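Chemist: Output the structure for:
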Amino acid sequence: MPNSIRHLLLLITCLGSLLALPLSAAEEPKEADHIVAVVGDEVVTYFDLRTRLDSALKQLKKQGTPLPPQEELERQMLERLIMDRVQLQFAKESGMRVDDAQLDQAIGRIAANNKMTPQQFRQALEKDGIQYAKFREEIRSEMTMVRLREREVESKLVISDGEIDNYLANQAASGGSEEYQLAHILLRAPESASPEQLQKLRLRGEQALKRARAGENFAELTAAFSDAQDALQGGDLGWRLLDRMPALYAETASKLKPGEVSELLRSSAGFHIVKLLNKRGGSAPASVQQTRARHILIRINEIVSESEARRKLETVRERIVNGVDFAEQARLYSQDGSAAKGGELGWLNPGDTVPDFERAMDALKINEISPVIKSPFGMHLIQPLERRERDVSAERQRGAARQALRERKLDEAFQDWLRQLRDRAYVENRLEEK
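Modeler: Predicted coordinates for the structure are as follows:
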């Protein structure tokens, strides 16, 4: 089964950020000051921008990050607002929607993480001046963008056997397993940028690079200059092996010492600046837990809605619980290649399946039937049949290689997709025009 990278991590990050950020939101005024951007058939008002800016300032202060000039931060916040609107409009046009039941589950998880009931959580939000209805829609928007990334980027990545062979050969030749902690600045270029636009962007990148090399706080520069989604987190990419970075970053990081800043780098996405924050030695796990499992999948499409797929699988589950053979039901109803094998998926390593599927499977006892589970591929019933510990083998190494290659490609593919999506959208940035 294809893999989808870090969906749970992304969702937790998005939801956690939203929980932290809107706490300064005040009552929306009756009339916005003026329009600062037009995206498709929607407008972005100065009030929208001011609300996002206030949230960003709160976050930067909380992190102890020195504040960039307001004009630079305004420009960055508006670009992120525009990118959010572009993604949400595309999701709407393509029929993607997070329904109320899924939204309630997500908010329930946020409340539980804060050791509150949903009702207590709502009261806490309202006590801080946050309109609960508005908060719900912000969470819905974040969940929609995460799922959009899954559907449009992650699910379409293809890793060939030849790429895995080359990866393993290079890994054997290099020997080491050092991890690198990078921070980066991305200045995104339009897909069909003119020479004048590229020159303007290059000059802006050189300005940021000069300030970074002069010793200015890199997190502050990231907040002021970067178009990446992690800009308010200092552009920190976390600890990664070289083979789990975009190729451009991996090649650059290997030549840097901790604290050093790269040259201005060029890619199809735009211009980049990379800083090596630290590096450390790493080691691979000696063994992993494998699960032999089977499932029944019903795909969601233009003909079969999510609610219809769920109802159908709930009926199938009831039959199995009452004694009907799982394999028989899988052969009748499952909509993937495992159907002919009674839903058998074979032995699965950690990371072989998408996070939602793996998390649900790992929570089950042997032979237990899951409730209906949703993944990017549709709706599932899952049954684990056996578990075992196994030493890292050639098979496992190939699985780890596939995962590493996906992570390396994902960042590049996502940035390319965002750039193409924005270029296709109608956008008026009136701050830039001004």
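Chemist: Show me the strands in this structure, by range?
Modeler: Assigned by DSSP state E, the chain shows strands spanning 35-39, 42-45, 179-188, 236-241, 265-267, 270-280, 287-298, 344-348, 373-375, 378-391, 427-429.
Chemist: Which one, of those strands, ends up nearest to Ala360?
Modeler: Shortest distance between Ala360 and these, using Cβ to Cβ, is found for strand 373-375: 4.5 Å. C-betas here are computed from N, CA, C, even on glycine.
Chemist: helices and strands around that closest one, which ones?
Modeler: Counting contacts by 3 or more Cβ pairs under 8 Å, 6 or more residues apart in numbering; DSSP states H and E, strand 373-375 packs against helix 355-362, strand 378-391.
Chemist: Pick the most deeply packed of the ones you listed.
Modeler: Between the helices and strands packed on strand 373-375, helix 355-362 has the highest mean count of neighbours, a mean of 20, where neighbours are mean count of other Cβ atoms under 10 Å.
Chemist: now the angle from that one to strand 378-391?
Modeler: Direction vectors for helix 355-362 and strand 378-391, defined by axes from the mean of the first three to the mean of the last three Cα atoms, to 10 degrees, enclose an angle of 60 degrees.
Chemist: how far off strand 344-348 does helix 355-362 point, in degrees?
Modeler: Computed with the same axes, to 10 degrees, the direction of helix 355-362 lies at 90 degrees from that of strand 344-348.
Chemist: the inter-axis angle of helix 355-362 versus strand 287-298?
Modeler: Regarding helix 355-362 and strand 287-298, their directions subtend 110 degrees when assessed with the same axes, to 10 degrees.
Chemist: follow-up on the earlier one: so which of the strands of the chain gets nearest Arg331?
Modeler: The closest approach between Arg331 and any of the strands of the chain, judged by Cβ to Cβ, belongs to strand 287-298 at 9.4 Å.
Chemist: ok now that closest one, how far from the chain's centre?
Modeler: Distance, stretch centre to chain centre, for strand 287-298: 24 Å (Cα atoms, centre = their mean, to the nearest Å).
Chemist: Need the pLDDT of Pro22.
Modeler: As predicted, Pro22 sits at a pLDDT of 37.
Chemist: Tell me the bridge partners for Leu241.
Modeler: Taking DSSP bridges, one obtains Glu179 as the residues bridged to Leu241.
Chemist: thinking again about what came up before, adding distance to Arg398 as columns, could you present the strands of the chain in a markdown table?
Modeler: Supplementary listing: the strands of the chain in a markdown table, determined by distance: least, Cβ to Cβ, whole Å:
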| stretch | distance to Arg398 |
| --- | --- |
| strand 35-39 | 43 |
| strand 42-45 | 46 |
| strand 179-188 | 21 |
| strand 236-241 | 16 |
| strand 265-267 | 28 |
| strand 270-280 | 26 |
| strand 287-298 | 13 |
| strand 344-348 | 13 |
| strand 373-375 | 22 |
| strand 378-391 | 14 |
| strand 427-429 | 43 |
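Chemist: Which of those strands has the lowest mean pLDDT?
Modeler: Averaging pLDDT over each of the strands of the chain singles out strand 236-241 as the lowest, with a mean of 85.
Chemist: That one packs against which elements?
Modeler: Applying 3+ Cβ pairs under 8 Å, 6+ apart, one finds that strand 236-241 contacts strand 179-188.
Chemist: do you know how far His295 is from Leu385?
Modeler: Using Cβ to Cβ, to the nearest Å, one gets 11 Å for the distance from His295 to Leu385.
Chemist: Correction: the previous question concerned Leu148.
Modeler: In this view, Leu148 and Leu385 are 34 Å apart by Cβ to Cβ.
Chemist: Surely Val43 touches Leu49?
Modeler: No. Under the contact definition of Cβ atoms under 8 Å, Val43 does not touch Leu49, with a separation of 11.2 Å.
Chemist: if we can go back for a sec, I'd like to know which of the helices and strands packed on strand 373-375 lies nearest to Ile303.
Modeler: Between Ile303 and those, the tightest spacing by Cβ to Cβ is seen for strand 378-391, at 12.3 Å.
Chemist: ok, that closest one: who's next to it in the sheet?
Modeler: Strands adjacent to strand 378-391 in the sheet, as given by DSSP bridges, are strand 287-298 (antiparallel), strand 373-375 (antiparallel).
Chemist: ok, and what's touching that strand?
Modeler: Applying Cβ atoms under 8 Å, 6 or more residues apart in numbering, the contact partners of strand 378-391 are 286-300, 306, 309-310, 313, 316-317, 320, 326, 335, 343, 347, 357, 360-361, 364-370, 372-374, 396.
Chemist: okay, now the domains of this protein?
Modeler: Residue ranges of the domains in the chain are recorded as 7-156, 178-283, 287-391, according to automatic domain parsing.
Chemist: which one of the ones you listed has the lowest average pLDDT?
Modeler: Minimum mean pLDDT among the domains of the chain: domain 7-156, a mean of 80.
Chemist: residue farthest from the centroid of the chain?
Modeler: For the chain, the C-alpha farthest from the mean C-alpha position belongs to Gly323; by Cα atoms, centre = their mean, that distance is 40.0 Å.
Chemist: next one: phi and psi at it?
Modeler: When read as degrees, to the nearest 10, the backbone of Gly323 gives phi 120, psi -10.
Chemist: Can you tell me how far it is from Thr315?
Modeler: Distance of Gly323 to Thr315, computed by Cβ to Cβ: 15 Å.
Chemist: Over to Ile164?
Modeler: Distance of Ile164 to Thr315, given as Cβ to Cβ: 40 Å.
Chemist: Give me the more crowded residue out of these two.
Modeler: Shown here are Ile164 and Thr315; by other Cβ atoms under 10 Å, Ile164 has more neighbours (18 against 11).
Chemist: What residues does the more buried one make contact with?
Modeler: Contact criterion Cβ under 8 Å, 6+ apart gives Arg398, Ala401, Arg402, Leu405 as the residues in contact with Ile164.
Chemist: Nearest to Glu220 among these?
Modeler: Looking at the contacts of Ile164 and their distance to Glu220, the nearest is Leu405, at 33.7 Å (Cβ to Cβ).
Chemist: Give me the distance between the residue lying closest to that closest one once chain neighbours are set aside and Asn349.
Modeler: Once its chain neighbours are removed from consideration, Leu405 has its nearest residue in Ile159; the separation is 4.9 Å (Cβ to Cβ, 6 or more residues apart in numbering). Using Cβ to Cβ, one gets 15 Å for the distance from Ile159 to Asn349.
Chemist: again with Met245
Modeler: For Met245, the distance to Asn349 (Cβ to Cβ) stands at 22 Å.
Chemist: Between the two, which has more neighbouring residues?
Modeler: Taking other Cβ under 10 Å, Met245 and Asn349 do not tie; Met245 has more neighbours (24 against 20).
Chemist: I figured that one hits Leu237, correct?
Modeler: Yes. Counting by Cβ under 8 Å, a contact exists between Met245 and Leu237, whose distance comes to 7.4 Å.
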